[in-house]
Each structure stands twice: as C-alpha cells, then as structure tokens.
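Asker: Take this sequence and fold it.
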Amino acid sequence: MADQIRLSEPVTKPGIGRATSMARMAVDYVTLTKPPIISLLLVTAIGGMFLAAEGVPSLTTLLLVCIGGTLGAAGANAINHFLDQDIDALMSRTSQRPVAAHRISPAKALTFGIALNVGAFLVLVSGVNLLAAVLTLSATLFYVLVYTGWLKRTTPQNIVIGGAAGAIPPVVGWAAVTGGLELPALYLFTIIFFWTPPHFWALSLLIQKDYERAGVPMLPVVVGTERTVQSIFGYSLVLVALTLVFGATPAVGFVYLGMAAVLGAVFVGMAWQLRREQTSRKALHLYLYSLLYLALLFVTMMVDSLVGV
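Answerer: Coordinates of the predicted model:
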C-alpha cells in the first residue's frame, strides 16, 4: 500500500521546478519596476519630444529616450521598494510586494535599482545628451531621497512637493531634442506638477486606512476627507487653467486647445462631484480618469504637433 501511495504522488522534475522558480523571480523583478507608472511617464516624455521637434523627432533619439527613461524610472521604483519596505509590509495594498513579502532581499532590490539608473545615465549621456541624462538622474534622486526618504513620512504636503519628480520626463524629452530648456518645457513640468496632487489624493481617499495603519501622513489622514476633496477641487481648477493658458501659446495649436478644454471640463466636473458626494466610488472614478486624462492630454500634444493647426 505504501508503494502504491508513493507511486501516485506527483513527480516534479528538477528542471521544471527550477524554471518555474526563475520565472517567478523574473516576475518579481519586473514588479519592482512598476511598469504601469513607467508607461505613463514615457507618454509624457514622448509628448515633450514631439512638441520640441514640432513633429516627429529623430527615431533614434526617441528610442534612446524610451530606453533611458524606462531604465531610470524602473530603477527609481526599485529603490522605492527598498526604502518603503517597512511601510509596504503594513499596508494591505502593498504587503505582497516582492521586498515587503521577503521574496527579494532589500540589498538585491537596492543593487538592482542603482544598476538600472547607472544604465539609464550611460544610455542618455552617450546616445542623447548630458542634459537629458542629468535631468533623468535628478528625477530619480529627488524621488527616492526627497519624496520617499523624507517628505512621504513627515508632511501631508509630501505629494505636492514630491510630485516634481514625476513632472521631469517631458522636460527630459524636450531637452533630448533641443539640447536646452525653454518656456514650453516649463509649462509641461507645471501641468504635471499640478496634476499629481488631485490624482494621488483621490487614491489616498481609497486607501486612507492603509496609510493610517502605516503612519504615513497623507492628506486625508491628517486633515480628513472634507478638506482633502476641497484641495482636490482647487488643484483641479488650477491644473485645467494651466492647460488652457498653455493652449494660448505658440507651442501648440487649436487641436490641443480644444481637446484640453474638453478633457479639463470632465476633470473639473468629476472633482466637483467628489466634493459634493465624498464617496469611494467618486474617488475611484476621478483617480482612474486622471490617468486617462494625462495620457490623452499628451497624446493630443503629439497629434497637434503633427497637424500644426
């Protein structure tokens, strides 16, 4: 009977088990990089390139910026996992992240992140220009040292100031094409800078208890829902106003201006609904729409640069 039981047990071949383990590890390392965030950052960087080129930029430069931008953002996100491992372990949304769940050691995550950023700098400085490389590295340093390492744990205005890191990619795109920085690049930076708080505060409303448990002073935790939704609405008004002011500059045309007005009206309308009803459902709708809003806004800039109207 014992022999029959042993014969009926599944046999796992060593090679198959090793391959499965390696595949899981590969998935964990990809998870460290936060691919969805990278994709949105690349859209904004490419938008900056199209505006600077007033059309289609050099495909070689475009490819190198995408490679360098991906490596830089991926590295910054991996280091974020290293720095936030204690917070991530306390939050239900992040407790299964590779470092927090002890599937990847903190040292390996940090080494991985640093290596990716070194690669990003080398790609950009050798294939694009020094300014693009320095801007990309500065975004990483600001994100991991100023935002993650300091502001996130100390002030409810963390995302307001820390959002500067996420506003740099379109500036990188502009610098990659022109080799310098002009006023339109500053507009792009400012648009994303003011987009970040309403986007992130909407998410914070959804996971407020997680932040309370981890002791992270996000705005809803410190000032409550009422003041948070008021802040979201106020920043939304400023954001949309900035996009329309940008539409009045020579950098863009009527295609952008019209689309910015439509997208902005929806954004403000959803922020107003959240202010009135203050429900998780409305917060989720605004959070998801904010992602679509930013992507469509920068895609519209690309289309506008091609049409030239």
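Asker: tell me the contacts of Thr33?
Answerer: Shown in contact with Thr33 (Cβ atoms under 8 Å, 6 or more residues apart in numbering): Ala73, Ala74, Gly75, Asn77, Ala78, Leu116. Backbone N, C-alpha and C define where each C-beta goes, glycine included.
Asker: Check Leu42 too.
Answerer: Going by Cβ under 8 Å, 6+ apart, Leu42 touches Cys66, Gly69, Thr70, Ala73, Pro169.
Asker: and Leu286, helix, strand or coil?
Answerer: helix (DSSP: H, G, I helix; E, B strand; the rest coil).
Asker: That one touches Tyr235, doesn't it?
Answerer: No - Leu286 lies out of contact with Tyr235 (Cβ atoms under 8 Å); the separation is 11.5 Å.
Asker: top of the contacts of Thr33 by neighbour count?
Answerer: When neighbours are counted by other Cβ atoms under 10 Å, Ala73 leads the contacts of Thr33 with 30 neighbours.
Asker: avg pLDDT for the helix or strand that contains that residue?
Answerer: Per DSSP states H and E: Ala73 is located in helix 59-83. Mean pLDDT, helix 59-83: 97.
Asker: With stretch 35-55 instead?
Answerer: Here the average pLDDT along stretch 35-55 is 95.
Asker: and what of stretch 248-258?
Answerer: 92.
Asker: May I have it exported as CSV, CA atoms only?
Answerer: C-alpha atoms of stretch 248-258 as CSV (Å, rounded to 0.1, in the frame of the first residue of the first chain):
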residue,chain,number,x,y,z
ALA,A,248,-2.8,80.1,-25.9
THR,A,249,1.0,79.9,-26.5
PRO,A,250,2.6,79.3,-29.9
ALA,A,251,3.9,75.9,-28.8
VAL,A,252,0.5,74.3,-29.5
GLY,A,253,-2.5,74.9,-31.7
PHE,A,254,-6.2,74.6,-31.8
VAL,A,255,-6.3,70.8,-31.8
TYR,A,256,-4.6,70.8,-28.4
LEU,A,257,-6.7,73.7,-27.0
GLY,A,258,-10.0,72.1,-28.0
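Asker: how far is it from where the chain is centred?
Answerer: A distance of 25 Å separates the centroid of the chain from that of stretch 248-258, by Cα atoms, centre = their mean, to the nearest Å.
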